[in-house]
Structures are given as C-alpha cells and as structure tokens.
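Participant: Structure for the following, please:
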Amino acid sequence: HKTFIDLITDTKFRNMKIFKLFLAAGILLFIQFECKNKSDIKNTPGYSVNPNAIEDVNKVLKYLYSLPGKSENRIISGQNCCHGNEITRCYGAYVEKLYDETGSWPGMIGVDYEYTNRFTVEQLSECNQFLIDYWNKGGLITINWAPHNPWTDNGTRDLNKVNLEELYDPDSPVYAKWHAEWDRIAIGLEELQKAGVVVLWRPMQEMNGGWFWWGWKSSPDNPEHFKKVYQDMYNYLTHKKKLNNLIWVYSVAAHCGKDYSRSPDFLYPGDSFVDIVGINVYESEGYHICDYDALKALGKPMALTECGPDHSKMDGSFDNTLMLKAIKDHARDILYWTTWHDWPDHYVSMVSNLNAKELLEDPWVITREEIDWR
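Facilitator: Below is the predicted model:
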C-alpha cells in the first residue's frame, strides 16, 4: 500500500527489478514529452522550424511576425547586391549610392551564392565580409542559392539530363556531387554563423516556374521529387552541418494563372521545413502582387522576395512607390521586399529608378537605422 514516492525512496525497493522498470518508463515519458515540445515549435508563430536555432533567429522571427500589426515601420526595405563576390562592386553601386542620393540605408541587403558562377569558398568569404559588416551595423541579411545543373555543370537554365530523384538517392552517381555542392555552400554559411549573422536563406527560388532545372518541368507529374530534394537539403544543412542561423524562405515566382508556371503551393515542401513564404514580382504600371491570397493560405509570414519593373520596361522609368502602393492596397501582410539588381541595359535597382527617396521615407518603410529586433 505504499505510494510511488515511498517506493522509490525505499532502499530495498530500489534494488528490485520493478524499480528499474519504473525508472525506464519515467525516462521514456520524459523523452516523449521533450520530442513533442520540439515538434510543436515547428508550427509556433515566432519560432524557427529548426528546434536548435540560435536565439537570435527566433528574435528576428518574432520581430517579423510583429510588423503587420504596426501602424508605421511595418515593412523592411531591401536591396540585392548581385552574386557571390560581385558584391564588391554591387554594394557601392546599389547600396552606397542609394544612401548618397536618399540619406537612407536599406534595412536588408542580399546576394545569390551562385547563379552566375560556382563561387569558391574564398570568394564566398570575400562576399561574407560585406554581409557581416552590414549585419553589425544593424541590417538584416538574405541569401538565395541558384545552383548550376549538377549533371551537366552548366548554368541554372540547363534542363538537360535532370532527374530529381537522383539527388536524394544515395546510390545515384550524382548524389555525392550534389551534396559536395552543399558542403561548399555550408562553409560560407558557417562563417556567417560564427560571426553571429542570422540569414534569411532562400534556396532554389522560383521552383514553380519552368525555366530553372529544379523547376516544375523537371518533374511535372510528381511534385514530391522537388519536395524531397528541398527536405533533404534542410535536413543536411540543419542536422549534419549544424547550421542553426538560418531562417528558411520558400520563394515562388508570380503565377497569375499562367501556363508556364504553377500555383505557389504546388511544390511546397511542408510547414516543418519553411519559416517564411515569398513571391517574386516584376511589374510596372498597374503593379499587382498576384497570388497573394494563395501565398497567405500557406499560413506563414510573407515577403516580396524579389521585385522590380516588368522585364520589358527596365529602362529606369519605373516608379518605386508603385510597389509599396500595391502592398498597402491589397497585400498588407508583406513583411519585407528585396529589389533586384541591374544588369546590362536593364535598370532594376531602387537607385536606378524613380522616387527612391520617397519610397524609403514613407512611414511604413523600415530602413537600417529603424530595425529594432534586438
């Protein structure tokens, strides 16, 4: 008739086999409780899908979650600075020049870790120095990764020989090569982690389009293949590489019902692998963020992950404030935007188009000195 507490403190009982059974059961219950708690975090607003994320990741996420409820300072301005160590020239052209002309630094800067080139570890480290400096001065950092075709070693738009199943099959010949690419990228991300930088990580963007090798055309009848590639990347970088400084961003192209792309949810890898959902919109007159409702239905914070004028009108005549007006009119939960960079005969950046000063001085817009997640 002894109570459980009496029993486990009884010396004779402690020597009995039944005590060991009680102890084992208690340990199993504790483990089950802890695992449930970590699983629940994946779908808790303001917490990373990575239960081992560093504290600052969750602080940044909570800050982002808070923005739509504010009357001002509710959307973060952002400017892309090209690819890899191209930032050494693009930072001056698009960020410093923007400050010179407007008196404001964008709240966020970003780069692509690949696209134009498979940058070496040393080149990525050169790029990182700009990102670390901007972070230390109060700005946020976003990095996307547009990898070259791992079968042909050609660029992002080479759709030859693609078989997405091979990328997550350990027995396939391309598996080791693909994961070696992640190892190279992980070294750059780890350098940022050691410097305390939180990264809005946006791999293989516009997957619902048909122009990149990882897009829907590579597996039109089975979207599960891309999902598994994305999930495998998440698990590899999170669990094997211990990259706990990443905020995972799933970023689609504007679909707008066009045949050449698919809806935002077509290749969505699942709530447990995504912190933020984003959309890339390039329009001019009548700027409209289509698919906003479809994106919102995914239940994650939302961003305008790439933006600028329509590709046929990149002549420098775009009014930057049209993008913000579109957000105010019908996409009010957008947390940040990232304006893309220029390329020859195409003027996309904020500083290369009209009314950048008016845009950055709008009460809704957050510049670097106004970011206060800390």
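
Participant: The stretch 51-200 of the chain: strands as residue ranges?
Facilitator: 75-76, 78-83, 108-112, 140-145, 199-203 (DSSP state E, counting those that start in this stretch).

Participant: Which residue is the nearest non-sequential neighbour of Ile209?
Facilitator: Just so we're on the same page, residue 209 is Gly rather than Ile. Distance criterion C-beta to C-beta, 6 or more residues apart in numbering; nearest residue to Gly209, sequence neighbours excluded, is Ala253 at 4.3 Å. Using the backbone N, CA and C atoms, a C-beta is placed for each residue, glycine as well.

Participant: can you check Ile75 too?
Facilitator: Distances taken as C-beta to C-beta, 6+ apart place Trp364 nearest to Ile75, at 5.5 Å, with adjacent residues excluded.

Participant: next one: phi and psi at Met302?
Facilitator: Main-chain torsions, Met302, degrees, to the nearest 10: phi -120, psi 150.

Participant: ok, residues contacting stretch 250-270?
Facilitator: Residues outside stretch 250-270 that contact it (C-beta atoms under 8 Å, 6 or more residues apart in numbering) are 144, 202, 205-210, 216, 223, 226-227, 230-231, 234, 273-274, 276-282, 289-291, 294-295, 297-298, 300, 303, 305-306.

Participant: How much space separates Ile75 from Asn160?
Facilitator: Distance of Ile75 to Asn160, given as C-beta to C-beta, to the nearest Å: 40 Å.

Participant: And stretch 220-235, what's buried?
Facilitator: Residues of stretch 220-235 classed as buried by neighbour count (16 or more other C-beta atoms under 10 Å): 223, 225-234.

Participant: no no, stretch 280-295
Facilitator: Across stretch 280-295, burial judged by 16+ other C-beta under 10 Å covers 280-284, 287-292, 295.

Participant: Tabulate the CA atom coordinates of it in CSV.
Facilitator: The C-alpha trace of stretch 280-295 is given here as CSV (Å, rounded to 0.1, in the frame of the first residue of the first chain):
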residue,chain,number,x,y,z
ASN,A,280,8.9,37.4,-56.9
VAL,A,281,7.0,40.1,-58.8
TYR,A,282,8.3,42.1,-61.7
GLU,A,283,5.7,44.6,-63.0
SER,A,284,5.4,48.2,-64.0
GLU,A,285,2.2,50.1,-64.5
GLY,A,286,-0.7,48.6,-62.6
TYR,A,287,1.7,46.9,-60.2
HIS,A,288,-0.1,43.9,-58.7
ILE,A,289,1.0,41.2,-56.3
CYS,A,290,-0.9,38.3,-57.7
ASP,A,291,-1.2,35.0,-55.8
TYR,A,292,-1.1,36.9,-52.5
ASP,A,293,-4.2,35.1,-51.3
ALA,A,294,-2.7,31.7,-52.3
LEU,A,295,0.5,32.5,-50.6
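
Participant: what about that stretch, average pLDDT?
Facilitator: Stretch 280-295 shows a mean pLDDT of 92.

Participant: And for Lys242, the neighbour number?
Facilitator: 12 (other C-beta atoms under 10 Å).

Participant: wait, Ser263
Facilitator: 16.

Participant: Tell me which of the strands of the stretch 51-200 of the chain lies nearest to Ile247.
Facilitator: Minimum separation from Ile247 across the strands of the stretch 51-200 of the chain (C-beta to C-beta) falls at strand 199-203, 4.9 Å.
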